[in-house]
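Undergrad: this one's structure only:
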């Protein structure tokens, strides 16, 4: 379990141009030389059909998640956490926050592609009950790695909401002394 006192002053915000210097510090570390540019992020945060969230500690962006809304589907396009804050459940907070945003927008499904080799990300999505529904052969241009196609359960269902909420709450229960 994570003791939340180790992560003071956490804020979740919609990404804006204010956050981009920090985001662009994380981006090449997370995604290598094929990372997104400032222009790409500006386009995304100004897209009416996208939702990009950041997590900040003391006004420093330490992670972000983004997705497009395509009718009743939310397609996750990116999720990254600064290396200093990995393994502190920051990705859990971001995914849960995106779930809440899209649930309010009446989106039914969340979907994404993830590198087969990205075990940490695959495990995160499995924890939140995403299911593998296919493989995109040679999906990633930098090395022709396959991408797993993952889908959530219906996020409007009471069962899925209970699962997401339980995972989130369990992750952040205060440690007992």
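TA: Done, it's in. Note that the structure is a prediction, hence the values are computed from the model and not measured.

Undergrad: residue 26 is in contact with residue 41, correct?
TA: No. Counting by Cβ atoms under 8 Å, residue 41 does not reach residue 26; the two are 11.2 Å apart. Heads up, the C-betas are built off the backbone N, CA and C, glycines and all.

Undergrad: assign residue 48 to helix, strand or coil.
TA: Assigned with DSSP: H, G, I helix; E, B strand; the rest coil, residue 48 falls in the coil class.

Undergrad: ignore what I typed, I meant residue 139.
TA: Recorded secondary structure, residue 139: strand (three-state DSSP).

Undergrad: can you map out the helices along this protein?
TA: Using DSSP state H, the helices found in the chain span residues 20-31, 38-45, 90-104, 119-127, 158-171.

Undergrad: pick the most deeply packed of those.
TA: Each of the helices of the chain was scored by mean neighbour count; the highest is helix 90-104, a mean of 20, by mean count of other Cβ atoms under 10 Å.

Undergrad: quick check: which helices or strands does it pack against?
TA: strand 10-14, strand 50-57, strand 60-70, strand 73-81, strand 109-115, helix 119-127, helix 158-171 (3 or more Cβ pairs under 8 Å, 6 or more residues apart in numbering; DSSP states H and E).

Undergrad: apply 7 Å and report the result again.
TA: Helices and strands touching helix 90-104, by 3 or more Cβ pairs under 7 Å, 6 or more residues apart in numbering; DSSP states H and E, are strand 50-57, strand 60-70, strand 73-81, helix 158-171.

Undergrad: centre of the chain versus the first one, how much separation?
TA: Distance, stretch centre to chain centre, for strand 50-57: 9 Å (Cα atoms, centre = their mean, to the nearest Å).

Undergrad: same question for the second one.
TA: Going by Cα atoms, centre = their mean, the spacing between the C-alpha centre of strand 60-70 and its chain's C-alpha centre is 6 Å.

Undergrad: sheet partners, orientation included, of it?
TA: The pairing partners recorded for strand 60-70 under DSSP bridges are strand 50-57 (antiparallel), strand 73-81 (antiparallel).

Undergrad: that's all I had, so thanks and see you.
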